[in-house]
Each structure stands twice: as structure tokens, then as C-alpha cells.
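> Turn this into a structure:
(4 chains)
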2 protein chains.
Amino acid sequence: MTASRALRGAADVSEANIEKVLRAAEEIGYVTNHLATSLSSQTTNLIGVVVPSMSNVVFAEVLAGISDAIQQSGKQPVFGISNYNAEVEQDIIRDMLSWRPSGMIVTGLEQSEQSRKLLAGAGIPVAQIMDIDGEAIDINVGLSHADAGRDMACALMKLGRSKFAYIGSALNKDVRARKRMEGFRAELEKGGLSLVTSRIDDEFSSLPLGRALTAELLQSGVDVDCIYYSNDDMAAGGLFATMAAGIQVPQRLLLAGFNGLEFLEGLPVRLATARSPRRQIGKEVIRILLEAIKHPLAPEQRRLVFHPEIDLGDSSF
Amino acid sequence: MTASRALRGAADVSEANIEKVLRAAEEIGYVTNHLATSLSSQTTNLIGVVVPSMSNVVFAEVLAGISDAIQQSGKQPVFGISNYNAEVEQDIIRDMLSWRPSGMIVTGLEQSEQSRKLLAGAGIPVAQIMDIDGEAIDINVGLSHADAGRDMACALMKLGRSKFAYIGSALNKDVRARKRMEGFRAELEKGGLSLVTSRIDDEFSSLPLGRALTAELLQSGVDVDCIYYSNDDMAAGGLFATMAAGIQVPQRLLLAGFNGLEFLEGLPVRLATARSPRRQIGKEVIRILLEAIKHPLAPEQRRLVFHPEIDLGDSSF
DNA sequence: TCTGGTATCGATACCGGTACCGATACCAGT
DNA sequence: ACTGGTATCGGTACCGGTATCGATACCAGA
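Numbering: from 1, shown residues only, chains lettered A, B, ... in the order given. Reported below is the predicted structural model:
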């Protein structure tokens, strides 16, 4: 017991003994067994985090935000990747819960029925991030993607654009991209307009895919003056398709994406986009979750909504 | 005990009892306590994985490869991010070991003395990935970055280029980029050449940074016909700087990067690069590690070297 | 000298599983 | 009836810590 206390820096141990224990620990290369610690104390320092993908910079940055914010707290994040698959997600959640984490963070609001039940019944704070269009289990930090789509449509119409196309990918998997598209379309219709055409692929979004779909659309000869993309990667690909086709962006054709990724700033043309507060979401969800671990939170403290700022880039005039 | 056996699907339990136990478990929402399981059985299904960054697509893809390959095995990866900081890495390693994982994967060969001691003394298989230029603790899967730099220099000289510049960033942190640069320079010198100029920044590599450094170099008026970048992101940024300056790539100025990232395929010009086998490294290190967990491996089985293939893109003629 | 307070220490019972091994039931063979 | 094998089950110790609480030593004050 004295050794245990000494190692944990607890009170009620004499200096001499602390010294002795630490030296002995050093000597034998002692490493705490967290399994025993956690089992015995009935608490862990684990925070489970489930995201759909890591190749996507957006989630990489959310995780970075989480990593940073969690540093001081003594907690440790454990990451899982669901590959946009609800069943995989459910397995990951079940597995994470079996380690008795002190909190959970999952992406989006669309978990399987079983996942929701597991999370709700775990007796720990659960945060759903990125999206707020739907009903949350407990804590909810994110933005309205439907609104993001609407806002962009609104801004683009204000710039005088009227012949819109949409280019996206994997909408069946990426719920949030779909919500943006639907919001975008709804707003167009409110303005008396509608999508002239669209291209939607099953693959995941990427720069080359954006380029290919855009090239195809341009070749089809349809007359459009603005393309809304599922995200920045796709839009950047679109830019290169227009460059190859000799089309002036944004003068003749305005391209708009979503996320406000850093690499946009290096492109030949500054495309329109909306900045998603990725790092901030990571940071804030940790702050709220850590509080919730300490004591129950009021409903209004369990929800944090961000409003992404639209950046029209070179398209602003 | 019967319940324990039934839940684990072990032998020696009657059908009737299995049924009964499973139903009861379902009813009370039983979730295994992995802490207890692991403490008792003295083994875990955890594999610790430490990478320097996740925003970098390269590591995201390595992790994806690891995730995929590990699926069937019943093991579970636990990721940690060191932010290119050896002290942070050491803390992460110590913390991971305290969970008694059955294997560890760390990035690169340059760990702190203490980290190496911890890993070597953990009594589990340890794999170091990405880099092979140095001495490994146990298992080593990767490529020679020094060779990658040399090979690229060799290929570029063969194309008749002679006035070389280097543009890179954060070389003090990114050891592998530095090794490429050094290999590149060594090979130039072997060919009787040397770097005309170079630009090295302290920030992490990014497309905008590559663009800025390249623009600066171009403005300085130094006469070069080829720039070697620390990686593809930087090179892509360089491409946009040359486009803005009206310089023909690759005819007048050849740009070369490293990694062979997917997004290069969407750019207006196909830059020179060398494909790093990122997913494969992830896949193979898991294969080897899982074997090593089962039984000790001979030295030659503990080392796997990849040879990145050079792709000159549009520069090939 | 006795009492009570403070600082320090250690015995013991868990935490929730699994390994190990002995117990039990049942059946076939002799 | 007895023996031995097989299938199934459960008691007990233990994994490596921590919580709890009582024991001990020492000192100041009455």
C-alpha cells in the first residue's frame, strides 16, 4: 500500500519512503498496470472516439483538436474508424464500451438502433459531433449541414448566379454531404430556381474524382454558371477541369466547396467555401465532455452549435 | 464459470446452458469487462500504434492499412499521435505499455533512449515502420529515404537537369524528409553537381507553404531547371507558384516531390514523385507483428524493405 | 503519567473476469 | 455391481492494483 501511494503521489507517505519506492521502481523498470488500476478503481482515463475515416483531412483535424485539448486532462483518447459503416461502428462502440471508458465521442447523429442503446445505457457522457440536424443522445457539438447548404445557395444567388449544378460523391455514406446538398437544393427552390444538372458518384470524394466528374459535366455542354460541390477536394478537382477546358473561374463559372481546407489557399483561384470549425469542434467537445464526466450537465450546456462562415474567395465580386 | 465459458464460446458447455446464458446476458445488457478479462488472462488484444501526425495523409493511409489488415485478427489497434515530438512520443509509449498491449508499432527509428529501453523491455514484439536507415529494436518495415533521395537525384540527372534547388520544411522534426534531402544531395555530388539554392522553413509542409517558398525562390532570380521538394504537398504548391509566374512545368522547370499521393493525378501537370507504399507498409507490418506475437521470428523475417517506384509523370520525356 | 491528535503504515477485501482442477452424472463394457 | 471414460459443471485461487480502516509511533498538553 505504501508503494502504491508513493507511486501515485498520494499523501500520507514519508519523504524517505517515497524516495525508496521511486528508486526501486526505476531499478526494476516498473510500469503501472493500467488494467489493474482501472479494474480496481472502477474508473478509466479512456475517452472513446469514433470517426468514419482518417484519410479525410477533416476528421484528421478533429482528432488533432481532440488530442490537443485532452493533453492536460490526464484522459487518453482511443480512436476507432468506422469506414462510414454503421455495423462496423456498432462493433467499435461495443468494443470500446467493454473497456469502460469514462466518455464517448461519436461522429454524426445516425447510429444504428443498437449503437444508440449501447451508448445510452453505458452510464457515461456521450457526445455526438459534427452534425446537429437530428436528435442527440446526450451531448451534441457541431453545425447544421442543411443550413450550410442553404447559406451557400443563398450567397451564390445573391452574386447573381442562376444556373446551378451539383457535383458530389458517396452521398449514401456521407450523410452530412447529403444534408448540405438537400439544404442547397431547398434554398434554390425557395429562390424559384433548381439544379440544372448534377453528377454523383459512389466513390469517396477526392480531387481526381472532382476533376473527372466536372470534366464530364463540362463536356456534356449543359449551360451552368455555378457548381456546388460536396466538399473542397471535389471543388479543387473541378477547378483543374475548368483550367484544362479553358474556362474562366469564377467569372464564367463559379465553383463552391465546403470545409475551408488550408490547401485552398495555395490554389491558382480562391474558390468559394464555408469554413467548418473542425479543430474547434474537437476542442469544445472535449471541454464539455470533461465537465460532464465531473458532474451532470444542464440540457443547454450539452449542446454547442457552430455557424460556418462563408468565404467567397475570388468569387466575392 | 459456466457463464464465462458460454459467453466466450468455449467448449464443454451444453447447448441448453449456452442458450440460457446468452439470453440472460441479452436481458441485462451485459457487456464484457475487458479490464477484468485482460487482467485475468494476462493478455490483451491491443496493438499500440504511434505516428507523428494524422493531418498528414501519409500516416492516415498507413493507419488505414493497419486498420484493414487487423480486422480479422481479433486484435484492436490503439493510436497515438506524437506531433513529431520525442518526449510526447515517450509519454505515449509509456502509457500504452501500461495497458499491456500484445504488440507495438512506432514510426521511424529515432526514439528517445528511454523509449527504446521501454519498448525493448516490454517483452512484446515491437515494430518500427516507414524508415530503415538505422538500427531497429526488433521488427522493421519500411524504405530507405536516403535511397529515395538518391534515386530521384539520379533519375533527374539522367533527364539532363543540372541546376538543382531544394525546397523543404520542418526538417528538424521530419527526419525522413531530411534523409531524403541528404541522399539527394549526396547523389548530386557524386554526379559532380550540387544544389544551386534551397529554401527550408520551420513550419510543417503544406501546399500553401510550398507555393510561398517557390514563389520566393523564383523571384530571387536564381537560375534553376529542377526543384526537389520535401514531399508532394510542397511540390504541388510549387506548381501553382510556377503557374502564377508563367513558367512552363516541366519543360523549363521540373518539379519533383515524394509520396505519390492520389491528388497529384488531378493536378494540371503530373509532377515527378516516388510512390511510398503506405497502405502496404501498414498491411505488412500487421502481418509480421501478428506472426511475431504467436512465435519468435528469425532475424530475416523481422525486416521488410520496400523500394519506392519513381514516377516521372509528365517529366518523363 | 495519561490522553488525544497527527503522521505514517499495512492487512484485508474487493474489482470482474479466467485458469486450473476436482466433482458430478451418466453410460458402456465386463 | 463395478470400473473407467466422457461430458459438463462449479469452487477456488489469482491477475495487480486500490479503498478502507485499523494499528502503530510519536509528541504535546493536561
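> On the three-state scheme, residue A:48 is what?
Taking DSSP: H, G, I helix; E, B strand; the rest coil as the rule, one finds residue A:48 in the strand state.
> What about the closest residue to it other than its chain neighbours, how many residues nearby?
What sits nearest to residue A:48 in space, not counting adjacent residues and going by Cβ to Cβ, 6 or more residues apart in numbering or on different chains, is residue A:96, at 3.7 Å. Where you see a C-beta, it was placed from the backbone N, CA and C, and this is true even at glycine. By the criterion of other Cβ atoms under 10 Å in any protein chain shown, residue A:96 has 25 neighbours.
> what sits against residue A:96?
By Cβ atoms under 8 Å, 6 or more residues apart in numbering or on different chains, the contact set of residue A:96 is A:46, A:48, A:50, A:78, A:80, A:104.
> And the buried ones among these, selectable in ChimeraX?
Remark: buried members of these, expressed as a ChimeraX selection using 16 or more other Cβ atoms under 10 Å in any protein chain shown:
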select /A:46,48,50,78,80,104
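> Format the contacts of residue A:96 as CSV; extra columns: pLDDT and distance to DNA strand C.
Listed next are those as CSV, based on pLDDT from 0 to 100; distance: Cβ to the nearest atom of the strand, whole Å:
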residue, pLDDT, distance to DNA strand C
A:46, 95, 15
A:48, 97, 18
A:50, 97, 22
A:78, 94, 19
A:80, 93, 21
A:104, 98, 18
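> ok, which pair from the contacts of residue A:96 is furthest apart?
A:46 and A:50 (12.9 Å; Cβ to Cβ).
> Relative to residue A:223, which of the contacts of residue A:96 is nearest.
Nearest to residue A:223 among those, with distances taken as Cβ to Cβ, is residue A:50, at 43.5 Å.
> From DNA strand D, how far out is the closest one?
For residue A:50, the distance to DNA strand D (Cβ to the nearest atom of the strand, to the nearest Å) stands at 28 Å.
> what's near enough to touch that residue?
Residue A:50 neighbours (Cβ under 8 Å, 6+ apart): A:79, A:80, A:81, A:82, A:89, A:92, A:93, A:96, A:104, A:105, A:106, A:107.
> Show me the two of those that sit farthest apart.
A:81 and A:104 (14.9 Å).
> hey, where'd the strands end up in chain A?
A:46-51, A:76-81, A:103-107, A:126-131, A:139-143, A:164-169, A:195-201, A:226-229, A:254-256, A:273-275, A:303-306, A:309-311 (DSSP state E).
> Within its sheet, name the partner strands of the first one and how each one runs.
Yep, that's strand A:46-51 we're talking about. strand A:76-81 (parallel), strand A:103-107 (parallel) (DSSP bridges).
> okay if I get those as JSON lines plus distance to DNA strand D?
Below are those laid out as JSON lines (distance: least, Cβ to the nearest atom of the strand, whole Å):
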{"stretch": "strand A:76-81", "distance to DNA strand D": "15"}
{"stretch": "strand A:103-107", "distance to DNA strand D": "19"}
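> looking at these, which is buried most?
strand A:103-107 (a mean of 26; mean count of other Cβ atoms under 10 Å in any protein chain shown).
> tell me how far that strand is from the chain's mean position?
Its chain's C-alpha centre and that of strand A:103-107 lie 11 Å apart, by Cα atoms, centre = their mean, to the nearest Å.
> Also stretch A:307-317?
21 Å.
> what is the rounded mean pLDDT of that stretch?
Averaging pLDDT along stretch A:307-317 yields 91.
> Okay, buried residues for that stretch please.
A:308, A:310, A:311, A:312, A:313, A:314, A:315.
> And stretch A:1-17, by the same measure?
For stretch A:1-17, using 16+ other Cβ under 10 Å, the buried residues are A:3, A:6, A:13.
> Name the nearest of those relative to residue B:169.
residue A:6 (45.2 Å).
> In space, what's closest to the closest one - neighbours in sequence excluded?
residue A:21 (3.8 Å).
> I'd like to know which of the strands of chain A is closest to residue B:141.
Between those, strand A:76-81 lies closest to residue B:141; by Cβ to Cβ that is 20.7 Å.
> contacting residues around the closest one?
For strand A:76-81, using Cβ under 8 Å, 6+ apart, the contacting residues are A:45-54, A:63, A:66-67, A:70, A:92-93, A:95-96, A:99, A:101, B:63-64, B:67, B:78-79, B:95.
> farthest-separated two in the buried residues of stretch A:307-317?
Between all members of the buried residues of stretch A:307-317, the farthest pair (by Cβ to Cβ) comes out as A:308 and A:314, at 19.0 Å.
> so where do the helices sit in the stretch 201-317 of chain A?
Secondary structure of the stretch 201-317 of chain A, counting by DSSP state H, counting those that start in this stretch: helices at A:207-219, A:232-245, A:278-294.
> Most tightly packed of these?
Mean neighbour counts for the helices of the stretch 201-317 of chain A (mean count of other Cβ under 10 Å) peak at helix A:232-245, with a mean of 24.
> Just the mean pLDDT for it, thanks.
98.
> what's next to that helix, contact-wise?
Contacts for helix A:232-245 (Cβ under 8 Å, 6+ apart): A:167-169, A:205-215, A:218, A:227, A:229, A:248-249, A:253, A:255-261, A:263-264, A:267-269, A:271, A:273, B:263, B:266-268.
> Just the CA trace of it, in CSV.
Extracted in CSV, the C-alpha atoms of helix A:232-245 (Å, rounded to 0.1, in the frame of the first residue of the first chain):
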residue,chain,number,x,y,z
ASP,A,232,-13.3,21.3,-51.2
ASP,A,233,-11.4,18.3,-52.5
MET,A,234,-14.0,17.8,-55.2
ALA,A,235,-14.2,21.6,-55.9
ALA,A,236,-10.4,21.8,-56.3
GLY,A,237,-10.6,18.9,-58.8
GLY,A,238,-13.3,20.8,-60.6
LEU,A,239,-11.0,23.8,-60.8
PHE,A,240,-8.4,21.8,-62.7
ALA,A,241,-11.0,20.5,-65.1
THR,A,242,-12.1,24.1,-65.9
MET,A,243,-8.5,25.1,-66.3
ALA,A,244,-8.0,22.3,-68.8
ALA,A,245,-11.1,23.3,-70.6
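> Just want the angle from that helix to strand A:164-169.
120 degrees (axes from the mean of the first three to the mean of the last three Cα atoms, to 10 degrees).
> how far does helix A:232-245 sit from the chain's center?
24 Å.
> Repeat that for stretch A:275-295.
Using Cα atoms, centre = their mean, the offset of stretch A:275-295 from its chain centre is 12 Å.
> any idea how far chain B is from the closest residue to residue A:151 other than its chain neighbours?
Leaving out its chain neighbours, the residue that sits closest to residue A:151 by Cβ to Cβ, 6+ apart is residue A:310, at 5.9 Å. Counting by Cβ to the nearest Cβ, to the nearest Å, the separation of residue A:310 from chain B is 20 Å.
> How about residue A:276?
15 Å.
> For that residue, give me its contacts.
By Cβ under 8 Å, 6+ apart, the neighbours of residue A:276 are A:58, A:143, A:148, A:258, A:259, A:260, A:306, A:308.
> Let me have those in a markdown table, adding distance to residue A:176 as columns.
Output for the contacts of residue A:276, formatted as a markdown table (distance: Cβ to Cβ, whole Å):
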| residue | distance to residue A:176 |
| --- | --- |
| A:58 | 10 |
| A:143 | 9 |
| A:148 | 9 |
| A:258 | 9 |
| A:259 | 11 |
| A:260 | 15 |
| A:306 | 13 |
| A:308 | 12 |
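> who wins for most neighbours among those residues?
Highest count within the contacts of residue A:276 by other Cβ under 10 Å belongs to residue A:258, 29 neighbours.
> thought that residue was touching residue A:271?
No: using Cβ atoms under 8 Å, residue A:258 is not in contact with residue A:271, being 10.3 Å away.
> Residues of chain A that sit close to DNA strand C?
A:1-2, A:11-17, A:36, A:39-40, A:42 (Cβ under 7 Å from any atom of the strand).
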